[in-house]
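# whatever this is, show me its structure:
(chains A and B)
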Amino acid sequence: MEVKGTVVGRRTRVAIGANVAVMVLLAAGIVALANTFAQRSFLRRQFDWTEHARNTLSSKTESVVRGLEETVECSTFFRADDYLLGPIQQEVIQETEALLRLYERANPEKFKRKAYDLGPEGFEEAKAKALEVKLTETNVVVLRQGARQKEVRLDDLADIDRGDMGMFGGGGRGPRLLAFKAEAAITNALISVTQAAERKVLFVTGHGESSPTDTKEEGASRWADLLRKDGCRVEDLDLPEKRAIPEDASAVVLLGPRRAFSPEETRVLQAYLDRGGRLLLAVDPTPRPEELGEPTGLLESWGIKLGRGIACQPLLDILTGGYVHGTPDCATVLARPLATHEITRPLAQAEIDLRVPFSRSLERIGTPPLEVTTANLLETIPGSRAWEDLPEANEWNFQFDKERENESVLTLALAAEREAGEGTATAPAEGGPRKARLVVVGSALCGTNQAILRYGRDLYMNGVNWLLERTSLISIAPKPPEERRIDLRKEGTKSTLVWSCIVLLPALVVAAGTTVWFRRRR
Amino acid sequence: MIATAWTVARRELAAFFYSPIAYGIATIVLLLNGVFFYIYLSHPAVDGDLKQTIPFFYGGFLFYWFLALLVPPILTMRLFAEEKRSGTIEMLMTAPVTDAAVVLGKYAGVLAYYAALWLPSLLYFLLVRALGGEPDFGLVASCLLGTLLVGALFLSIGLFASACTSNQVLAAAAGLVLNLLLFFLPLLATLAIRPATKELLERFSIYEIVFSGFLTGLVDTAHVVYFVSLAGFFLFLTVRVVEARKWK
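The predicted structure follows:
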């Protein structure tokens, strides 16, 4: 029997069902709405609970990232299979990825991050992107806005003590992380890509120099590509024809002149430097200084002189313990970057020695002129010598005299700076009086297509950035590595952990359960 | 309603602590947690590094997700299904308490028990500190919060599954399937053709939220809202399912 008011009819049930369905949809809508609002930056709040605020960007970075007006694409190409630096490299990569997530969170609309997988699964996608950004190496962060891009490499992200293999009887020392400086490097790269004005770099031609449009081995198209990716406009300048350096030139490069400069051309270069110009001069051991003509005179006014001959080092024969002389390999010398100058400081701090092939040495003439500040950038390791008998028909006569040359060191690169004269060239990057700057490198070969990626990249790119006053746009203190480790080798540590975590805690629960069970039985 | 919900919660919690099964589950969870904590800490690649061990332990490794996905449906399976099977649900429904208070009370009880399963992990890090290590307790707190929020969501799903059936095994299986479905959304994301859909699905991936948020020590209000709102939604559904009995 159906009692009215207690049993629900079919129509009522349908109505209730529809009501519930509407309520469920409404609740789903409220959930969706709540999450949409929660994702909005004006409502979203993040709290860093870590002891040393590892997840908090510096205020400088915050303002740069939040102030982005156009989208910046950030691509990472990391691989953690470097066997020498394995765990350290992995730590740097993980920290960098975590840091980039903070950048993305600070402005998700304008900072787009993508990590490319270099393993088999993501290889095709990574390869396509690598070709698009003209990637030349792995373990880099690429920041890109429109056609402008900047690469941040592993050495820029962290200072790593690469350790000591201890091959010859030494105990050896593993690699370790000294400081994590990725935030400064990435924020500076971001500023370069988004804010810094485009700089014009001119490659002088007309005396047999390497040209930025030449893709052959002796050309400089690869270096020009690197400079373009770094936000520079690269053009060549036929000095014998133009006989002037344009006012808008930010820096001038002379890469491997082979013929003499006319006095007028030298005057043009001198006048450019007097106006606060920026010049990078790279000269191979050949031709001899006297064959190059006036550029030598130009250098002398800066207290610098081109040395004669080719820098050579004997090779250590691992089997006999003796030295090998007289081979072309002796002319690829091992050189140490000096920490005393901005150009080579990052390399020195990372303890990276450079191999420099076919280089001449450079000398300082007595006391430099008062207004010039000169610094050595690159010195060979002791036991080097400038061999003046240039090889003929690939015959290398270099002989190493251990008694005489064991301690001799050659300078392979120099940087100099002095106050500009009247009528300065283009305006300085960040106010203040503009100084003329000069970088001289003893090997032009390092800047050519055949050697730039292998030997010269760091030196030449840092050199140009110094000329352009772009070594560091802002400074953010590097974070020291956080050591939070328990020494498991200490006696009793492992056994205490095993007994407490694996035995004692579960046993307490079993005891409590058994007690409850017995009490309830009674 | 709060007072009645509190009464129900206390009753549920007491039922847990009087049940030998609850002690059995707690023993297994603590034993496995202890074993895996030691394995992570002493692994040659980690070598006592607490920066790696803490995130590993609270979600960076598969084992955690095995517990996080499996334990909640086991805990919630009996909450409504058992009451339905034994008929005690009728007594509860005729008692002067609202359906919402019953659901909230049961949920609060099981959530408290779930928290009690994970809180002893704090002792591991106190022990490590006593042995000379320096764990970042801010990071531990953030990881624990993430664990509780993940548990809160999966427990609400399990409670909903339990309210839908009178068979405990079916309730546990349904809860597990729903949990897995929600957890494996990133897999769907990889199949999504439109980048916008893919990005949306990835943004709400539980693993991604835990991995890039709580495990790094970063507590994000958007992440908290995500877990709380979804848990609230499933509790709302549970109330509706419980309520539906009256109209049948």
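
# residue contacts, A:Glu291?
A:Glu291 makes contact with A:Ala260, according to Cβ atoms under 8 Å, 6 or more residues apart in numbering or on different chains. Placement of C-beta: from N, CA and C, glycine included.

# buried residues of the helix or strand where A:Gly29 lies, list them for me.
Using DSSP states H and E, A:Gly29 maps to helix A:10-39. By 16 or more other Cβ atoms under 10 Å in any protein chain shown, the buried positions in helix A:10-39 come out as A:20, A:27, A:31, A:34-35, A:38-39.

# kindly reformat these as a markdown table containing distance to chain B and pLDDT.
Shown next, in a markdown table, are the buried residues of helix A:10-39 (distance: Cβ to the nearest Cβ, whole Å; pLDDT from 0 to 100):
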| residue | distance to chain B | pLDDT |
| --- | --- | --- |
| A:Val20 | 5 | 86 |
| A:Ala27 | 5 | 94 |
| A:Val31 | 5 | 94 |
| A:Ala34 | 5 | 94 |
| A:Asn35 | 6 | 92 |
| A:Ala38 | 4 | 90 |
| A:Gln39 | 5 | 84 |
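
# name the single longest helix found in chain B.
Ordering each helix of chain B by length in residues (DSSP state H) puts helix B:137-164 first.

# and the helix or strand just after that one, what does it pack onto?
Tracing the chain past helix B:137-164, the next element assigned as helix or strand by DSSP H and E is helix B:168-183. Judged by 3 or more Cβ pairs under 8 Å, 6 or more residues apart in numbering or on different chains; DSSP states H and E, helix B:168-183 is in contact with helix B:62-86, helix B:137-164, helix B:206-212.

# can you rerun that using 10 Å?
With contacts defined as 3 or more Cβ pairs under 10 Å, 6 or more residues apart in numbering or on different chains; DSSP states H and E, helix B:168-183 has these neighbours: helix B:62-86, helix B:137-164, helix B:206-212, helix B:221-244.

# now do the last one: distance to the chain's middle.
Okay, so that is helix B:221-244. Centroid separation between helix B:221-244 and its chain, computed with Cα atoms, centre = their mean, to the nearest Å, is 13 Å.

# what are the buried residues along it?
B:222-244.

# do it and chain A meet at all?
Yes. Judged by Cβ under 10 Å from any Cβ of the partner chain, helix B:221-244 comes into contact with chain A through B:221-226, B:228-230, B:232-237, B:239-241, B:243-244.

# and if you look at the second one?
Yes. Helix B:137-164 reaches chain A (Cβ under 10 Å from any Cβ) through B:137-143, B:145.

# okay, now B:Asn179: neighbour count?
Neighbours of B:Asn179 under the rule other Cβ atoms under 10 Å in any protein chain shown: 24.

# got a list of what it touches?
B:65, B:68-70, B:72-73, B:150, B:153-155, B:157-158, B:161, B:206 (Cβ atoms under 10 Å, 6 or more residues apart in numbering or on different chains).

# one more time with 6 Å
B:69, B:154, B:157 (Cβ atoms under 6 Å, 6 or more residues apart in numbering or on different chains).

# who wins for most neighbours among these?
In the contacts of B:Asn179, the most neighbours by other Cβ under 10 Å go to B:Phe154, 29 neighbours.

# name the nearest residue to it, ignoring sequence neighbours.
Distances taken as Cβ to Cβ, 6 or more residues apart in numbering or on different chains put B:Pro72 closest to B:Phe154, at 3.9 Å, once the chain neighbours are dropped.

# can I get the contacts of B:Asn179 in TSV with pLDDT?
Shown next, in TSV, are the contacts of B:Asn179 (pLDDT from 0 to 100):
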residue	pLDDT
B:Leu69	95
B:Phe154	97
B:Ile157	96
